[in-house]
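K.L.:
the following comprises the amino acid sequence and a computationally predicted model.
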Amino acid sequence: MLTPFGKFCRKLRIDRNEILKDMASKLNVTVSYLSAVENGKRSVPAEWETVIFQTYNLDDLQRWELKESIIETEKVIAFSLNETGENNQVLLKALARKSEDISEEQLKKVFDILK
């Protein structure tokens with residue numbers, strides 16, 4: 001699952017006729033590390049906003065889009081459902097679907113159970 005930051009980077013690469021390896025090289029990281037950041041398995045390093053802005057000569061609008069993609073990505077929590085059992089998958093999916101509908105009282109009960 002690509003994060004908003006991952007989507008921004010993919011579009012930037014497509015627009016510049018680059019592949020993941022090209023961008024990873026410019027960021028001085030491995031392809032697997034960049035991929036992990038784009039997929040939300042690792043956080044976006046703080047310095048990347050400036051590095052990407054300068055390396056790719058982004059205009060003000062593109063810089064704003066980059067910054068917004070980083071902010072939105074920080075709000076995302078990613079789980080690898082392949083690495084967990086079926087019951088855990090069902091639970092995580094249910095929590096994700098219902099997260100906005102759960103009352104404070106219900107959240108407290110869930111937290112108490114998890115303690």
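P.N.:
Noted; the coordinates are in hand. Residues are numbered from 1 along each chain as shown.
K.L.:
and after the helix or strand bottoming out on mean pLDDT in the chain, which helix or strand comes next?
P.N.:
Lowest on mean pLDDT, DSSP states H and E among the helices and strands of the chain sits helix 86-98, with a mean of 79. Elements were assigned by DSSP states H and E; along the chain past helix 86-98, the next helix or strand is helix 104-114.
K.L.:
roughly how far out does that next one sit from the chain middle?
P.N.:
Centre-to-centre, helix 104-114 and its host chain are 27 Å apart (CA atoms, centre = their mean, to the nearest Å).
K.L.:
which of the three states applies to Cys44?
P.N.:
Careful, residue 44 is Val and not Cys. Here Val44 is coil, with the state taken from DSSP: H, G, I helix; E, B strand; the rest coil.
K.L.:
Gln106 versus Glu68, what's the distance?
P.N.:
Distance, Glu68 to Gln106, by CB to CB, to the nearest Å: 32 Å. Any C-beta I mention is one placed from the backbone N, CA and C, and that applies to glycine too.
K.L.:
tell me the helix or strand right after the strand or helix carrying Ser32.
P.N.:
Taking DSSP H and E as the definition, Ser32 sits inside helix 31-38. Next along the chain after helix 31-38, taking DSSP H and E as the criterion, comes helix 48-55.
K.L.:
and Phe8, how many residues sit next to it?
P.N.:
Each residue near Phe8 was counted by other CB atoms under 10 Å, and the total is 22.
K.L.:
can you check the pLDDT for it?
P.N.:
According to the prediction, Phe8 has pLDDT 97.
K.L.:
from Lys21, how far off is Asp60?
P.N.:
28 Å.
K.L.:
can you pull the domain assignment for the protein?
P.N.:
Listed by automatic domain parsing, the domain ranges of the chain are 4-74, 81-114.
K.L.:
hey, least reliable of the ones you listed by pLDDT?
P.N.:
Among these, domain 81-114 carries the lowest mean pLDDT (a mean of 80).
K.L.:
what distance separates the start and the end of that domain?
P.N.:
Using CA to CA, to the nearest Å, one end of domain 81-114 lies 19 Å from the other.
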